[in-house]
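[1] okay, here's the prediction I keep looking at, along with the sequence it came from:
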Amino acid sequence: MAGLYFEEFTVGQSITTIGRTISEDAIFSFAGLTGDYNQIHTDAAFASKTQFGQRIAHGLLGMSISVGLIMQTGLLEGTVLAFREIEGWRFVKPFFIGDTVHAVLTIAETKALPRIGGGSLIASIEARNQNDEVCQKGTLNLLVLSKPK
């Protein structure tokens, strides 16, 4: 399915993604990719003595999974020009190994930008766990193509 064009998005429109379970392997793959081997993520004995009592996923892994789940919806397939900005991203609660992440995207604002052949979407994002608790949230500014004439 082709993605939606700028004109097909409306303020208040909300989309909930499918879920993805965070595995131990995902945490170690992310650590390898980024070089962030902080013990809170990779050392079970160390993490058991922290306020969380267990290893937690990297905050940026949760954010990355959320963006990936949004892309998997197909809403932006072939129509997104760029992720322009991430604003006010907050890490509210940790994701743990075995948690299932899903994202809720809500369009907060649209602004036509004819000079680029599209427009800007301001989208509120909530990354939630399997209990529907908000673990991360913030705003994405996306540039999306206009419908061809």
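    That came through, no problem. All figures in this text were calculated on a predicted structure; none of them were measured in a lab.

[2] any stretches of this protein with poor pLDDT?
    For the chain, the stretches with pLDDT under 70 are 1.

[3] just so I have it, where are all the strands in it?
    14-16, 20-21, 80-91, 100-113, 118-128, 134-145 (DSSP state E).

[4] let's have those in JSON lines, adding mean neighbour count.
    For the C-beta atoms, the positions are set from N, CA and C on the backbone; glycine is no exception. What follows is those, written out as JSON lines (neighbours: other CB atoms under 10 Å):
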{"stretch": "strand 14-16", "mean neighbour count": "13"}
{"stretch": "strand 20-21", "mean neighbour count": "14"}
{"stretch": "strand 80-91", "mean neighbour count": "13"}
{"stretch": "strand 100-113", "mean neighbour count": "17"}
{"stretch": "strand 118-128", "mean neighbour count": "21"}
{"stretch": "strand 134-145", "mean neighbour count": "20"}
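
[5] among these, which is nearest residue 49?
    Each of the strands of the chain was scored for nearness to residue 49 using CB to CB, and the closest is strand 80-91 (20.7 Å).

[6] how close does the residue nearest the centre of the chain get to residue 76?
    Nearest to the geometric centre of the chain sits residue 66, at 2.6 Å (CA atoms, centre = their mean). To residue 76, residue 66 is 14 Å away according to CB to CB, to the nearest Å.

[7] from residue 123, how far out is residue 87?
    With CB to CB as the criterion, residue 87 and residue 123 are 11 Å apart.
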